[in-house]
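Trainee: what follows is a predicted structure for the sequence shown.
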Amino acid sequence: MKLEIKSIPYGRQTITDADIEAVVTVLKSDFLTQGPAIAEFEKKFAEYVGAKYAVALANGTAALHLCAMALDVDSTTRVITTPITFAASANCVRYCGGEVHFADIDPETFLLDINKVRALLEKHPKGYFKGIIPVDFAGNAVNLEAYRKLADEFGCWIIEDACHAPGGYFMDSNSKEQKCGNGNFADLAIFSFHPVKHIATGEGGMITTNNKDLYDKLNLLRTHGITKDASKYKNSPDEVSQGGWYYEMQELGYNYRLTDFQAALGTSQLTRADKNLERRRTLAKQYDAAFKDSEVVTPSSINGNAYHLYVIQVEDRLGLYNHLRANNIFAQVHYVPCHLMPYYKQFGFKKGDFPMAEAYYDKCLSIPMYHSLSDEDQAYVIETIKNFKS
C-alpha cells in the first residue's frame, strides 16, 4: 500500500480557486494594505468566535507582543504560562521586560494544570503575579471559566493563546459551549494564520477581545502608535494642524499590520472553517479507533477539541520519527519544553522542574493532521506506525 514518493507532512495549508480569486481581486484593487479587506476579515472573524472586537496583525507573535503591551507588562510584571507551547507564548512577556514563570501541565490533556497554577499563586503574596497565559494546546480548549475565577481571586489578567483552536470550545458550568477567543473570560485572545493552522494567510494573526479600551489601544499600537482620529488628539488646539495630513504618534508602537490580500485570503478560508474543522474531528476519530488496542497512547478526547495537532505518545519516539521519515511521513514534536531552552535556563529553570511536561516531551509525536489529509493517506500513516518495530 506504500504511496509513490509522496510526502505527507504533519500539517499543511489548502488553497482553493475561491481563495486565489479573492486574493487576485484585491491585487487588482486600489488597496494592498490598510484597505477595506482588513476590516471585513476582522468583522467576520470576530463573529466566528463570538467576540465583540478583532484586530488583524502580521502574525501570532505580534499579537502576543501587543497583548502584553496593552496590558502594561513591564519589568515589574510576573506572568505564569505553560512550558509546553511555542516559545512566543512566553517570549511576549520578555519582549516587555517582564518575568516568566512556568507551571506544569495536566498529563491527561497536556494543558496548563490549573491546580499547579493555584499552588504557584498561593506561594506568593497577592499581587505578586499580574497575569496568566493559558494555551489551547493542540486544539484542546482550556476551561477559561475556571481560570477566570482563579485570576479574579488573585488579581490577574488572562491572555488566551488560542492559536491552535479557532472553532474550538469548552463546556461551561451551565453546559453551554464557550468558543475559544470569545472574550467572555479572557481579557485578550490571540490566533495565528500560519500555513499549518486551520485558517492560512501565509503569515498573520488576530487578537479578539470584548474590552473596548484594550481594542482601541491595540489599534494604536499596531500602527506605530499613530492616530489620525481628531477626537483623540493630545496636542493643544494651537498645536494641531487643520490640514488633512496631520497625525499624532502617541505611543511607541510597531508596524504589525496585515496586508489586504492576506486578509482576503483569510476571509475566504473562513467560509470553510466549520467544514474543515469537522474533517479534522473525523480524522481524529479514525486515529482513535485505529490505535485503540495498540501500544500507541492517543490524546484524551475532550468536547470541542479543534485538533490543530494529533499528538500520540510512544516509548521509542526517535525510532518511530525516523521510521516515518524513511517512509515519507514527516511527523513533528510539539514542543521542546520552554524551560529547557538555553535562554530560559539562564533564569534558573532546569531539568526536573516540571516533571509532567518533561515526561510528555519524552514520548510525544505529532502525526499528520490537516483537513485535506485523505483517508488513503491517513490509512498509510496508520499502517506505517503499526508496522514499526523498535
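Mentor: Alright, I've got the coordinates.

Trainee: hey, let's count contacts and neighbours off CA atoms from now on
Mentor: OK.

Trainee: within the helices and strands, which one has the nearest residue to residue 22 once chain neighbours are set aside?
Mentor: Using Cα to Cα, 6 or more residues apart in numbering and skipping the chain neighbours, the partner closest in space to residue 22 is residue 264 (5.7 Å). Following DSSP states H and E, one finds residue 264 within helix 260-270.

Trainee: quick one, what contacts the residue nearest to residue 22?
Mentor: If a contact means Cα atoms under 8 Å, 6 or more residues apart in numbering, then residue 264 has 19, 22-23, 26, 37-38, 41 as its contacts.

Trainee: one more: residue 36?
Mentor: residue 260.

Trainee: try it again with 10 Å
Mentor: Going by Cα atoms under 10 Å, 6 or more residues apart in numbering, residue 36 touches 26, 260, 263-264.

Trainee: next one: residue 99
Mentor: 73-80, 90-91, 93, 129, 347.

Trainee: check residue 75 too.
Mentor: So residue 75 contacts 93-99 (Cα under 10 Å, 6+ apart).

Trainee: taking these one by one, which sit in strands?
Mentor: residue 99 (DSSP state E).

Trainee: how about stretch 250-270: buried residues?
Mentor: Within stretch 250-270, the residues that count as buried by 16 or more other Cα atoms under 10 Å are 250, 253, 256-270.

Trainee: and the furthest pair within the contacts of residue 264?
Mentor: 19 and 38 (15.4 Å; Cα to Cα).

Trainee: from residue 337, how far off is residue 70?
Mentor: 27 Å (Cα to Cα, to the nearest Å).

Trainee: ok, which stretches of the chain are helices?
Mentor: 17-27, 36-49, 60-70, 88-95, 114-122, 144-154, 212-222, 260-270, 273-290, 317-326, 342-345, 355-363, 375-386 (DSSP state H).

Trainee: could you dump those into CSV and include mean pLDDT and distance to residue 297?
Mentor: Below are the helices of the chain laid out as CSV (pLDDT from 0 to 100; distance: least, Cα to Cα, whole Å):
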stretch, mean pLDDT, distance to residue 297
helix 17-27, 98, 37
helix 36-49, 98, 31
helix 60-70, 98, 30
helix 88-95, 98, 27
helix 114-122, 98, 23
helix 144-154, 98, 27
helix 212-222, 98, 42
helix 260-270, 98, 32
helix 273-290, 98, 9
helix 317-326, 98, 12
helix 342-345, 98, 30
helix 355-363, 98, 9
helix 375-386, 98, 12
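
Trainee: filter the contacts of residue 75 down to the buried ones, PyMOL style.
Mentor: Buried subset of the contacts of residue 75, written as a PyMOL selection, criterion 16+ other Cα under 10 Å:
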select buried, resi 93+94+95+96+98+99
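
Trainee: nearest to residue 368 among the contacts of residue 75?
Mentor: residue 93 (31.3 Å).

Trainee: mind giving me the domain split of the protein?
Mentor: The chain breaks down by automatic domain parsing into domains covering 17-270, 273-386.

Trainee: so which of those domains is nearest residue 8?
Mentor: Comparison of the domains of the chain against residue 8 by Cα to Cα identifies domain 273-386 as nearest, at 4.8 Å.

Trainee: figure out how far that closest one is from the centre of its chain.
Mentor: Offset of domain 273-386 from its chain centre (Cα atoms, centre = their mean, to the nearest Å): 17 Å.

Trainee: start to end distance for that domain?
Mentor: Start-to-end, domain 273-386 (Cα to Cα) is 31 Å.

Trainee: then stretch 94-112?
Mentor: For stretch 94-112, the first-to-last residue distance is 19 Å (Cα to Cα).

Trainee: OK, contacts around the closest residue to residue 64 other than its chain neighbours?
Mentor: Closest residue to residue 64 apart from its sequence neighbours, by Cα to Cα, 6+ apart: residue 92 at 5.6 Å. The neighbours of residue 92, taking Cα under 10 Å, 6+ apart as the test, are 61-69, 73, 98, 100.

Trainee: now those: which count as buried?
Mentor: Buried by 16+ other Cα under 10 Å: 61-69, 73, 98, 100, out of these.

Trainee: ok so, going back, distance to residue 224 for the contacts of residue 75 - can I get that in CSV?
Mentor: Below are those laid out as CSV (distance: Cα to Cα, whole Å):
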residue, distance to residue 224
93, 20
94, 20
95, 16
96, 16
97, 19
98, 22
99, 25
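
Trainee: identify the farthest-apart pair in the contacts of residue 75.
Mentor: So, the contacts of residue 75 by Cα to Cα: farthest apart are 95 and 99, at 10.0 Å.

Trainee: which residues sit in contact with the closest residue to residue 228 other than its chain neighbours?
Mentor: Spatial nearest neighbour of residue 228, excluding adjacent residues (Cα to Cα, 6+ apart): residue 247 at 4.6 Å. Applying Cα under 10 Å, 6+ apart, we find residue 247 in contact with 226-230, 233, 240-241.

Trainee: so for residue 7, which of the domains of the chain sits nearest?
Mentor: With Cα to Cα as the criterion, residue 7 lies closest to domain 273-386 of those, at 4.8 Å.

Trainee: for the residue nearest the centre of the chain, give me the pLDDT.
Mentor: For the chain, the residue nearest the mean C-alpha position is residue 163 (1.5 Å; Cα atoms, centre = their mean). Residue 163 is assigned a predicted lDDT (pLDDT) of 98.
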